[in-house]
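S.K.: Got a predicted structure plus its sequence, pasted below:
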Amino acid sequence: GIQVEQSPPDLILQEGANSTLRCNFSDSVNNLQWFHQNPWGQLINLFYIPSGTKQNGRLSATTVATERYSLLYISSSQTTDSGVYFCAVIAGTYKYIFGTGTRLKVLA
Amino acid sequence: GAVVSQHPSRVICKSGTSVKIECRSLDFQATTMFWYRQFPKQSLMLMATSNEGSKATYEQGVEKDKFLINHASLTLSTLTVTSAHPEDSSFYICSAAPSRGQVINEQFFGPGTRLTVL
């Protein structure tokens, strides 16, 4: 089956710093979403982005489907950005396959 | 819009008892709902797909007699962990996909239920 790898696995930032999170997938996908899981476990939809670029405030995402990767950019990070970031893909079927996650900690 | 709730948010039970978790789509209809399990510091793993009015589809390695799923309406799916044991302790998350014909795009996730079996 399709493999979804995220990097880096762990990231520590000082407040105000920028970062780029990467999601690589091993096969063509129909859909891709980025999520933020907060410290209480809630998954928050960030972007639905099977291709192209989207921006929402300090966050933006780019998916290059032909090269099988997606990037999530976080600018001017805040402590509330801490948590785990997941990408999830749908390839062929309707089932999401979640990536390995990036655990982010933003220090004040 | 696109809000999904779960109840309870946290449950502690004794080994051998059964626990029911509810997943509701509050402001949209969901033909399909999904149940995931997440162990500490790990990713989400799909357990089963719940279709309104039909039997659930379970992923390989998930015991259907242990994890009973009922999707009785377009806004409610339930997961019952039967005869729970400590190894069933986990974070259970549901998601719902808005009904748009046969196409499933975005999924919207509930806040999760933390199950602890003593």
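M.R.: Nice, I can see it.
S.K.: so A:Y85 makes contact with A:L21?
M.R.: Yes - taking contacts as C-beta atoms under 8 Å, A:Y85 lies within contact range of A:L21: 5.5 Å. All C-beta atoms are positioned from the backbone trio N, CA, C, and that covers glycine.
S.K.: any residues in contact with both of those two?
M.R.: Residues touching both A:Y85 and A:L21 (C-beta atoms under 8 Å, 6 or more residues apart in numbering or on different chains): A:6, A:72, A:102, A:104.
S.K.: So what's the residue count around the last one?
M.R.: For A:L104, the count of nearby residues is 20 (other C-beta atoms under 10 Å in any protein chain shown).
S.K.: and if you look at the second one?
M.R.: Applying the criterion other C-beta under 10 Å, we find 24 residues in the vicinity of A:L72.
S.K.: Please list the residues of chain A that sit near chain B.
M.R.: For chain A, the residues in contact with chain B (C-beta under 8 Å from any C-beta of the partner chain) are A:31, A:33, A:35, A:40-43, A:45, A:48, A:86, A:88, A:90, A:94-101, A:103.
S.K.: OK, contacts around A:D27?
M.R.: A:2, A:68, A:91.
S.K.: Next, format the residues you listed as CSV and append neighbour count, secondary structure and pLDDT.
M.R.: Conversion of the contacts of A:D27 to CSV gives the following (neighbours: other C-beta atoms under 10 Å in any protein chain shown; DSSP: H, G, I helix; E, B strand; the rest coil; pLDDT from 0 to 100):
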residue, neighbour count, secondary structure, pLDDT
A:I2, 14, coil, 88
A:R68, 17, coil, 96
A:A91, 18, coil, 74
